[in-house]
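A.B. asks: got a sequence here, can you build the structure:
(one chain, ligands or ions: 1)
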Amino acid sequence: MRPSAPIPTATDPLPDFAHPDFRRDPYPTYRAMRERTPVLRGERGAFRFSILTRHADVVAVLRDPRMSVDRPFQPRPPGDGDAVDPATLHPLARALRALSRIMLFRDPPDHTRLRGLVNKAFTPRMVESLRPRVAARVDELLAARLAAGELDVVRDLAEPLPILVIAELLGLPLSDCADLKRWSDPLAAMLDGSIAMQHLAPAVQAAGEVIEYLRGHLEAKRRDPQATSRVPLEDVELCGARFEKGREVGLLIGAANRDPDVFAEPDRFDLGRRDNRHVSFGFGIHFCLGAGLARLEGQLAIGSLVARAPRLRLAVADGDLAWRPGWLLRGLTALPVAV
Ligand code: HEM
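C.D. replies: From the prediction side, this is the model:
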C-alpha cells in the first residue's frame with residue numbers, strides 16, 4: 001500500500017506539496033488542513049505566507065478590497081539552494097513586469113478599466129455565438145484519433161482546444177497555434193509557485209517572444225488552478241485571524257471546493273450537484289473572465305468525446321497516471337484512453 005500524503009502537524013506544519021502522493025490526491029491533506037490548521041502560517045527562507053483552506057475563509061479574502069492582487073513580482077525560492085542564473089535576471093525582470101500589468105494582477109481602479117475593455121468580448125451572447133465554431137474544432141481534433149482507436153485526452157483535446165479557440169478569438173492564423181502552445185506552457189509553469197528558479201529561463205524567453213508576437217497582449221493558458229493568493233495592503237483581521245500587511249495569503253481553491261460545511265458529500269463526483277458554490281473560477285471582481293468560454297469548451301469537448309466513444313475507457317492502470325510537477329495548476333501530463 002502507498003503511504004498516505006503527509007498532513008500538517010505541530011512540529012512539521014507545512015505539508016510536502018512536492019510529495020508524489022500529494023500530487024496524485026491532495027484531498028486528504030486538504031481535509032486535515034481544513035480541520036486542524038485552517039489558517040496555516042509558513043516560511044520558506046525570507047518568504048513568509050499564510051495558507052487558507054476553508055470555503056468561507058477563501059471567499060472572505062477574495063471579496064475583501066484590502067486584500068490585493070498587486071504585488072512586487074519576485075521569483076520565489078521553492079527550497080533552499082535555488083539560485084537565479086544571473087544571465088536570466090534582466091529578461092526575468094522584464095517578463096515579471098509584463099506579467100504584473102495583466103488585469104489579474106491589478107487592483108481597482110486599473111482593474112476596473114482593463115476589465116471593462118475586454119468584458120464585451122466575453123458576454124454570454126458572444127460566448128454562445130462561438131458554439132458552432134468550437135464544436136467544429138472539437139470534431140476535427142477527435143476525428144483523426146477516434147479513427148485510430150485511441151487518444152491522449154490531454155495531448156489531443158484538452159491542450160489544443162483552448163489554444164485553437166483563443167487563436168480564433170484573437171484572429172490569429174491557426175498555423176501559429178504551435179507557437180502559442182510552445183509559449184503558453186512555460187508561462188503557465190511560471191505562474192506555478194513550485195517551479196525551481198533555474199527553470200525560469202524558458203518562461204522568460206517565451207514571455208519575450210509572446211509579448212513581441214501579441215504586441216502587448218499576454219495570454220497564459222490555465223489548467224486546473226488549485227490555488228491563488230492575495231497580499232494584505234494593511235494589517236487585516238478576518239476569518240478570526242490576523243493577516244499582516246505584505247504577508248502573502250495563499251487560498252487553496254481545491255480545498256475550499258471540498259469543504260463539507262458548504263458541499264454535501266464533497267468528495268463524491270456528482271455531475272448533477274445542486275447549490276454548487278465552487279470557487280474553481282475564483283470569486284469577486286477577479287472572477288474568471290473566460291469562465292463562460294471554458295464551460296462551453298468543456299461541455300463540447302467532453303460531451304462530444306463521450307457521445308462519439310461510448311466504450312471510452314482508460315488505456316493505462318489508474319495508478320500509472322502521471323501528474324504535472326506543479327500543484328498550483330494541477331493536471332495530468334497525459335490521459336491515454338481507448339475508444
Ligand atoms: C477551466 C478553465 C479555467 C479555469 C479553471 C480558470 C480559473 C480562473 C480563476 C480561479 C481566476 C481568478 C484568479 C484570482 O482571483 O486570483 C481566473 C481569472 C481569469 N481568467 Fe480564468 N480560468 C479558466 C479559463 C479561462 C479562459 C479560457 C480564459 C480566457 C479566454 C480565462 C481568462 C481569465 C482572466 C482574463 C482572468 C482575470 C480576470 C480578472 O482579473 O478580472 N480563463 N480564472
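
A.B. asks: pull the number of nearby residues for the residue in the stretch 201-339 of the chain that the ligand sits nearest to.
C.D. replies: Taking CB to the nearest ligand atom as the measure, the point where the stretch 201-339 of the chain comes nearest the ligand is G290, at 2.1 Å. From N, CA and C alone the C-beta is placed, and that goes for glycine too. Around G290 sit 19 other residues, with neighbours defined as other CB atoms under 10 Å.

A.B. asks: could you do L174 as well?
C.D. replies: Taking other CB under 10 Å as the criterion, the count of residues near L174 is 12.

A.B. asks: again with the one 4 residues further on
C.D. replies: Taking other CB under 10 Å as the criterion, the count of residues near A178 is 11.

A.B. asks: the stretch 101-250 of the chain: strands as residue ranges?
C.D. replies: Shown for the stretch 101-250 of the chain, the strands assigned by DSSP state E, counting those that start in this stretch span residues 150-152, 224-225, 227-232, 236-238, 241-243, 248-252.

A.B. asks: tell me which of those lies nearest to P109.
C.D. replies: Closest approach to P109 among those is made by strand 227-232 (17.7 Å; CB to CB).

A.B. asks: over to V337: give its phi and psi.
C.D. replies: Backbone dihedrals for V337, given as degrees, to the nearest 10, come out at phi -130, psi 150.

A.B. asks: quick check: beta-bridge partners of it?
C.D. replies: Note on V337: beta-bridge partners by DSSP bridges are L151, L314.

A.B. asks: kindly state the pLDDT recorded for it?
C.D. replies: Note for V337: predicted pLDDT of 97.

A.B. asks: can you check G240 too?
C.D. replies: Predicted confidence (pLDDT) at G240: the value is 89.

A.B. asks: excluding its backbone neighbours, what's nearest it?
C.D. replies: V39 (7.9 Å; CB to CB, 6 or more residues apart in numbering).

A.B. asks: the one you found reaches F49, doesn't it?
C.D. replies: No: using CB atoms under 8 Å, V39 is not in contact with F49, being 11.1 Å away.

A.B. asks: what residues does this protein have near the ligand?
C.D. replies: For the chain, the residues in contact with the ligand under the definition CB under 6 Å from any ligand atom are 103-104, 115, 162, 166, 222, 224-225, 228, 280-282, 286, 288-290, 293-294.

A.B. asks: shaky segments in the chain?
C.D. replies: Low-confidence segments of the chain, defined by pLDDT under 70: 1-13, 72-99, 190-199, 215-225.

A.B. asks: rerun at 80
C.D. replies: Low-confidence segments of the chain, defined by pLDDT under 80, span residues 1-13, 44-47, 71-101, 170-171, 173-175, 184-205, 207-208, 210-225, 325-328.

A.B. asks: which residues in it form helices?
C.D. replies: Along the chain, the stretches classed as helices by DSSP state H are 20-24, 27-36, 55-62, 86-100, 110-119, 124-129, 131-148, 153, 160-170, 177-191, 200-214, 253-256, 291-308.

A.B. asks: with respect to burial, which of those helices scores highest?
C.D. replies: Each of those was given a mean neighbour count from mean count of other CB atoms under 10 Å, and the largest, a mean of 25, is that of helix 253-256.

A.B. asks: returning to that earlier point: tell me what the residue nearest to G240 is bridged to.
C.D. replies: Using DSSP bridges, the beta-bridge partners of V39 come out as L52.

A.B. asks: do you know how far it is from L252?
C.D. replies: For V39, the distance to L252 equals 12 Å [CB to CB, to the nearest Å].

A.B. asks: any common contacting residues for these two?
C.D. replies: With contacts defined as CB atoms under 8 Å, 6 or more residues apart in numbering, the residues adjacent to both V39 and L252 are 51-52.

A.B. asks: more crowded one of these two?
C.D. replies: Set side by side, V39 and L252 show more neighbours around L252, with 27 against 18, by other CB under 10 Å.

A.B. asks: the more buried one is in contact with T53, isn't it?
C.D. replies: Yes: if you go by CB under 8 Å, L252 and T53 touch, sitting 4.8 Å apart.

A.B. asks: identify the contacts common to those two.
C.D. replies: For the pair L252 and T53, residues contacting each of them under the criterion CB under 8 Å, 6+ apart are 30, 33.

A.B. asks: what does stretch 260-277 rub up against?
C.D. replies: 27, 54-56, 256-259, 278.

A.B. asks: quick check: end-to-end length of that stretch?
C.D. replies: Using CA to CA, to the nearest Å, the end-to-end distance of stretch 260-277 comes to 12 Å.

A.B. asks: and that stretch, what's buried?
C.D. replies: Counting neighbours by 16 or more other CB atoms under 10 Å, one finds that the buried residues in stretch 260-277 are 262-263, 266.

A.B. asks: any idea how far it is from the middle of the chain?
C.D. replies: Going by CA atoms, centre = their mean, to the nearest Å, the spacing between the C-alpha centre of stretch 260-277 and its chain's C-alpha centre is 21 Å.

A.B. asks: can you check stretch 273-292 too?
C.D. replies: Between the mean C-alpha point of stretch 273-292 and the mean C-alpha point of its chain there is a distance of 13 Å (CA atoms, centre = their mean).
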